[in-house]
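> Sharing a sequence plus its predicted fold:
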Number of protein chains: 2
Amino acid sequence: MKRLLFSLAYLFSFFSFSLAQSDSSLLKSLQDEIMLHGTCYENLRVLTQSIGHRLSGSPQAEKAVQWGLKTMREAGADTAWLQPALVPHWVRGNEWLQVKLPGSKGFEPMRMTSLGNSIGSGKPVEAPVIMVQTMDEFYKLSPAAVAGKIVFFNYRFRQDIINTFEGYGDAIKYRILPPVAVAQKGGVGVIIRSVGTGVDDVPHTGVTRIVDSVRKIPCVAIGYLGANRLEAACRQGGVTARVLTSGKMLPPVLSYNVIGEIKGSEFPNEYVIAGGHLDSWDVGQGAQDDGAGCVQSIEIIRAFKKLGIRPKRSVRAVLFMNEENGSKGAHAYADSAVARHEKHVLAIESDAGGFSPRGFGMDMPLEKKSIVRSWLPYFLPMGVYDFSGEDAGVDVSPLGKSGAALAGLYPDSQRYFDIHHTDEDRFDKVSHRELKLGAAAMATLVWLASQYGL
Amino acid sequence: MKRLLFSLAYLFSFFSFSLAQSDSSLLKSLQDEIMLHGTCYENLRVLTQSIGHRLSGSPQAEKAVQWGLKTMREAGADTAWLQPALVPHWVRGNEWLQVKLPGSKGFEPMRMTSLGNSIGSGKPVEAPVIMVQTMDEFYKLSPAAVAGKIVFFNYRFRQDIINTFEGYGDAIKYRILPPVAVAQKGGVGVIIRSVGTGVDDVPHTGVTRIVDSVRKIPCVAIGYLGANRLEAACRQGGVTARVLTSGKMLPPVLSYNVIGEIKGSEFPNEYVIAGGHLDSWDVGQGAQDDGAGCVQSIEIIRAFKKLGIRPKRSVRAVLFMNEENGSKGAHAYADSAVARHEKHVLAIESDAGGFSPRGFGMDMPLEKKSIVRSWLPYFLPMGVYDFSGEDAGVDVSPLGKSGAALAGLYPDSQRYFDIHHTDEDRFDKVSHRELKLGAAAMATLVWLASQYGL
């Protein structure tokens, strides 16, 4: 490992303390156990290929809960249990989009997906299409210009932003705001260029914002290539679209977070947790979003038990339910932690994909950040170097109010939004080594925090 | 880009100089041009899907040379030309492997690939199989134990080594040494567990070592799953294999490196070059190895010309021929550089895949390394942070003797050896953003070296 040891020494020279040899060797054996004998990749194969996608409230989500409990026990958790959460139950139903391009006689189908939580039209809606490039351009339109129209939001995901999560932050409003904004001006439908980095014809779903008091209209996303076709047609003018959506919000369903625990030897009521979310959108297989985070979290329990590591503080793996369209599981976990006076020292989330780890985002006070950054030399051999981010994750954020330090695994972000919320988010898009390396990085942070606190 | 700018500031604090604002903005526009308008991904689609794999001396390699020249001109090179190199011409021919497992009546086929440059048996060879785990274990065997046997080398690629290129360095001897070593002890064939990180049934080819004076025997690789089956069978004992290989070395063929150049404005006879290799093994599509490095190098020329960047030193993109089984193109380029008294300031190679860039390996004196490392702040926004490696690449290494500083793009290494030298090294294994980001990192280093020298 000349290159990496050299790298370690090189970057290490920026740090003013030395490693504890015993910690180094324990962490190396923990990392080796995961890279050589980790079961997270095979666990992910089962979750994604035997169960598949698993939107909150669906039968597959229920299967995933049972799978999670069984897998947590097989990993050797001292205790494993289900934590109830009442979750929304959105169903997509039948949907299609047809577009009549200028000069063409008939309508042609265009690949699409309804936006999550949107309420369907129930019957086909046909109307002329007008195109805008930005929200500002839309806001300048008069109600008269929008009334009776389907509005196409053609905003392009900014490929020049290197960190795609920053690009997502820039573009996400085009998935969240249009349904209400267009309905309020009398529009009858929304088509958006998918919020993603893909250069294919695959549409991206994801939650949008619906307001009870505002008329519900169809809101659908189309893929990159479809959007290019529609854009070109709109520049000529005279485009008509016909769209059917059937989204429904059914009564809430009782579902569960899955929790596995190793009891701490010295501070059993102090907790270091690692988690991902068990639910996914109702497309693809929910492999990178977020089966990866679930199996990585379980892997930490397995590796600790396999090596007989007894942490000073209690360690939990948490599979959160309903991150995608409600965060009910996240709030159920945080409320329970407060009610039981559980002191959460650190809560780590992996919900950015099982790609090669680059670092951790940290949502915590500066003095705690300094402690975590002082551990950098333990991470550099894994290529984990960037502790500068400040985002942790949606599922751990409710724990912040109870004083927990929050962290988010920060993997390489280049491929995530090519497949995020699409039919392409499948097991075959996951690298066994990248997935395990992310689990090893999380396990390293979990052990250090459970040993030394923050 | 909050997160990355924060990262920049954070790591930047380790450095004691400030950025030149004009350089920062030029480099940002160069990086943006590649991320937003880069053509390298579409160029790679043509090379891999319209031409496909392209072993030296093959008709596809000749097509690739013509494609390279045309593409280099379309990219806007001031001049583009072909540089002749006489290359070996190995052909695989018909090949198969059958294994008779203990207890089973008949032979069953096992997926395999001959090792590159190996000379085929021409007719089926049938013999008992003996298994060894390491070279040392093999060296301890007596000639009597090996005579008349097919030897199965079952060494496993070390998945615990995080940098897979280090793991490759550890395992590569199991692809290079066995054919001669086994023949010298009277063995009649070699089967190796593929040198790769894959966990599938896909075998990995790659060059092996043949010695004229030593008897030629079949030497083949099998995939991870096949090797697991054969290992289990060998532990029971009584395994027989039947193998046919047909590899032939035909007379050398006249082929070419493809070179595109932008003439330097101040030091036209000083050169900064970026290259990859145009040839590939005769499996898959040669996408990551090394179509990626070729299209990234061409992308640098395209982006410079598109933005009207006139470098002080001449910049070349070089598509080297015959990296895989002879390096004749690399030597032809270096010999020409010496003969023409071309002063090569820096030669950069991309032959580790078009994955997310992590850094550059540097094979150059310490004072030149210090200059390159002082440019780190220009690279950190791209997630390029590691300038600690010391490996550049096979194609640029002959330039070292002429005093050129050598560098190698160092991408994330986790996925490369899953597909390296296999049928799986295809266009669909390449990420458009990772490929472009690697090109942007190379373009940044090319511009800095062409502007400031080393």
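Good, I have the coordinates.
> what kind of secondary structure is A:Gly275 in?
Assigned with DSSP: H, G, I helix; E, B strand; the rest coil, A:Gly275 falls in the strand class.
> How much space separates the residue in the stretch 151-300 of chain A that chain B sits nearest to from B:Leu36?
Of all residues in the stretch 151-300 of chain A, A:Asp160 sits closest to chain B, with a separation of 4.4 Å (Cβ to the nearest Cβ). (Each C-beta comes from the backbone N, C-alpha and C, glycine too.) Counting by Cβ to Cβ, to the nearest Å, the separation of A:Asp160 from B:Leu36 is 5 Å.
> Look at those two and report which has more neighbours.
A:Asp160 (16 against 12; other Cβ atoms under 10 Å in any protein chain shown).
> where's the nearest residue to the more buried one once chain neighbours are set aside, which helix or strand?
The shortest distance from A:Asp160 to any non-neighbouring residue, by Cβ to Cβ, 6 or more residues apart in numbering or on different chains, is to B:Asp32 (4.4 Å). Per DSSP states H and E, B:Asp32 falls inside helix B:21-37.
> got it, and A:Tyr410?
strand A:405-411.
> Average pLDDT for the very next helix or strand once past that strand, rounded please.
Moving toward the C-terminus from strand A:405-411, the next helix or strand (DSSP H and E) is helix A:416-419. Mean per-residue pLDDT for helix A:416-419: 98.
> Please name every helix or strand in contact with helix A:416-419.
helix A:164-171 (3 or more Cβ pairs under 8 Å, 6 or more residues apart in numbering or on different chains; DSSP states H and E).
> just checking, what packs against the helix or strand following the helix it packs on?
Using DSSP H and E, the helix or strand that follows helix A:164-171 in sequence is helix A:173-176. Here helix A:173-176 touches strand A:189-193, going by 3+ Cβ pairs under 8 Å, 6+ apart.
> Try it again at 6 Å.
Contacting helix A:173-176 under the criterion 3 or more Cβ pairs under 6 Å, 6 or more residues apart in numbering or on different chains; DSSP states H and E is no other helix or strand.
> In chain A, where is pLDDT below threshold?
A:1-19 (pLDDT under 70).
> what angle sits between the helix ranked longest in it and helix A:21-37?
In chain A, taking DSSP state H as the definition, the longest helix is helix A:432-452. Here the directions of helix A:432-452 and helix A:21-37 differ by 150 degrees (axes from the mean of the first three to the mean of the last three Cα atoms, to 10 degrees).
> Helix A:432-452 near chain B at all?
Yes: Helix A:432-452 is in contact with chain B by Cβ under 6 Å from any Cβ of the partner chain, via A:432-434.
> Quick one: these as CSV, columns for distance to A:Gly103 too.
Output for the residues of helix A:432-452 next to chain B, formatted as CSV (distance: Cβ to Cβ, whole Å):
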residue, distance to A:Gly103
A:His432, 50
A:Arg433, 51
A:Glu434, 47
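> so who does the residue most central in space within chain A touch?
Nearest to the geometric centre of chain A sits A:Asp351, at 4.2 Å (Cα atoms, centre = their mean). Going by Cβ atoms under 6 Å, 6 or more residues apart in numbering or on different chains, A:Asp351 touches A:276, A:290, A:293, A:393.
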